[in-house]
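Undergrad: Everything below, folded, please.
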Amino acid sequence: MTMIGDDLQHVRQRIATACADAGRAPGAVRLLAVSKTFGPEAVREAHAAGQAAFGENYVQEGLDKIAALADLRADLEWHCIGPLQSNKTRPVAEQFDWVHSVDRLKIAERLSAQRPAHLPPLQVCLQVNVDGGANKSGVTPEDALPLARAVAALPQLVLRGLMAIPEPAPDFEAQRALFLRATALFDQIRDAGIALDTLSLGMSADLEAAVSAGSTMVRIGTAIFGGRPKKAA
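TA: Below is the predicted model:
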């Protein structure tokens, strides 16, 4: 097995252990491999080891990878997980399967309008700023329910859930407390009658706390692909 294959196996074991510790079913949490800054060959290697869902932070880098891996397109699920500007929505609507970073209605409306009719609806999550970080993307908790109602009504989109990236916390309990804010918001929106099934929470350093708090999808990069190469300027 390749090094990426070994690392994938290790991450899957971490997820399974975290699910067991939290009293959750082994398959309750999906693994999203975050391939930003790594080339198409790394994605191909991870796919050969059984991974199908990949997350990209940078739109152009993701588009280049989708094109380079066109032969695998039917087997791969591409997730846009980085901040999304209005001028980048069209290629994302046309090429990606999921968007995790919808934080305002204008972006959702553009994605809906620009999603080609022959493709399945785009799967989207609202990014929420659960800890009030001033420099963070994300809708405020107070505005999340109205935004969810508006996004859920758009054609060519399916609102699946919430995504959050809290500030790093020093230990498991502090990490879990932050993630639980997103879980509470998720429950509040579902209680309001909007069907959600996805909580995109947790990365390499805090996946155990995220799973304990109820995450259904963890976004793992470093623990699979290694340290980030320097991004070319």
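
Undergrad: ok, how many other residues are close to residue 113?
TA: Per other Cβ atoms under 10 Å, the neighbour tally for residue 113 reads 14. All C-beta spots, glycine's among them, are computed from the backbone N, C-alpha and C.

Undergrad: what about it, which helix or strand?
TA: Element membership for residue 113 (DSSP states H and E) is helix 105-114.

Undergrad: how about the helices in this structure?
TA: 3-21, 40-48, 59-68, 89-95, 105-114, 141-152, 172-191, 207-213, 222-225 (DSSP state H).

Undergrad: Return the most buried member of the ones you listed.
TA: Scoring these by mean neighbour count under mean count of other Cβ atoms under 10 Å gives helix 207-213 as the most buried, with a mean of 24.

Undergrad: contact partners of it?
TA: With Cβ atoms under 8 Å, 6 or more residues apart in numbering as the contact definition, helix 207-213 has outside contacts at 11, 14-15, 17-19, 21-22, 24, 29, 169, 172-173, 175-176, 179-180, 182-183, 201-203, 215, 218, 220.

Undergrad: residue ranges with poor pLDDT in the chain?
TA: Residue ranges of the chain with pLDDT under 70: 1, 135, 229-233.

Undergrad: can you rerun that using 90?
TA: 1-2, 26, 131-137, 227-233 (pLDDT under 90).

Undergrad: quick revisit: helices or strands up against the helix holding residue 113?
TA: helix 89-95, strand 98-102, strand 122-127, helix 141-152, strand 157-163 (3 or more Cβ pairs under 8 Å, 6 or more residues apart in numbering; DSSP states H and E).

Undergrad: let's see 7 Å
TA: Packing partners of helix 105-114 (3 or more Cβ pairs under 7 Å, 6 or more residues apart in numbering; DSSP states H and E): helix 89-95, strand 122-127, helix 141-152, strand 157-163.
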